[in-house]
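# Provide a 3D model corresponding to the input given below.
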Amino acid sequence: MLRPDSQDAPLFGEDDEKIGLRKSRIRHPVASFFHLFFRTSAILVYLLCDIFSSRFIACMVTIILLLSCDFWTVKNVSGRLLVGLRWWNQVDDDGKNHWVFESKKAERVNTTSSAESRIFWLGLVVCPIFWILFVFSTIFSLKIKWLAVVTMGLVLQWANLYGYVRCKMGGESNLRNMAKNYLGIQIFKQAMKKTERP
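Coordinates of the predicted model:
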């Protein structure tokens, strides 16, 4: 389904897919592996850095390289292959930036594997939570030298999460409408509960 701010373009590998494949099978094991590998490796290096090395610069460079590889892999490979979503920034002839959020066509949506989709969204949502915790732990433990590293981890992982949520849910106006509808339903439910009581 196309969004107002998206384009209809064939996705990476879309022509090669067969619709009749089983949904629970992992069809892209390499993409699934690297989707989680770089994310968890950056977290593990951050947690175990003091144990294996006392050199801050070596640890920082390793973490930032892993986070950069993760950002590129998720944005350019695993999002397309595992869930059929992609996003990017396009600059027009006038020099204006346009963000493009794209999802597979409706008739192709059933080609994505449910197992791969779970792997993708679980990795995409859980890892930024760890970086949020790391930001607060560095502030409260006064390890200020690590604050730039954990902030970089949070920003890179949050950018991919935001981009893919926009792809999945639609443009910004659709997200606002969903939030308004949810709040409206909650207010309506509360009002109905109050009127049911004698």
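# alpha carbons only for contacts and neighbour counts from here, please
Noted.
# need the strands for this structure, in chain order.
Secondary structure of the chain (DSSP state E): strands at 85-91, 97-103.
# Mean neighbour count, those strands: which tops it?
Each of the strands of the chain was scored by mean neighbour count; the highest is strand 97-103, a mean of 20, by mean count of other Cα atoms under 10 Å.
# Give me the angle between it and strand 85-91.
Counting by axes from the mean of the first three to the mean of the last three Cα atoms, to 10 degrees, strand 97-103 points 160 degrees away from the direction of strand 85-91.
# pLDDT of strand 97-103, averaged?
Per-residue pLDDT over strand 97-103 has a mean of 82.
# Now do it: which elements does it pack against?
strand 85-91, helix 147-169 (3 or more Cα pairs under 8 Å, 6 or more residues apart in numbering; DSSP states H and E).
# Would you mind getting the angle between the first one and helix 147-169?
Our comparison of strand 85-91 with helix 147-169, counting by the same axes, to 10 degrees, yields an angle of 110 degrees.
# Now do strand 85-91, average pLDDT.
Strand 85-91 comes out at a mean pLDDT of 84.
# Tell me where this protein has helices.
In the chain, the helices defined using DSSP state H lie at 29-52, 56-73, 114-140, 147-169, 172-196.
# Leu81 is nearest to which of those helices?
helix 29-52 (7.4 Å; Cα to Cα).
# That closest one: which residues count as buried?
31-32, 34-36, 38-43, 45-46, 49 (16 or more other Cα atoms under 10 Å).
# on contacts alone, who are the packing partners of that helix?
Using 3+ Cα pairs under 8 Å, 6+ apart, the elements in contact with helix 29-52 are helix 56-73, helix 114-140.
# Throw those helices into a markdown table and include distance to Ile185 and mean neighbour count, thanks.
Formatted as a markdown table, the helices and strands packed on helix 29-52 follow (distance: least, Cα to Cα, whole Å; neighbours: other Cα atoms under 10 Å):
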| stretch | distance to Ile185 | mean neighbour count |
| --- | --- | --- |
| helix 56-73 | 36 | 18 |
| helix 114-140 | 25 | 17 |
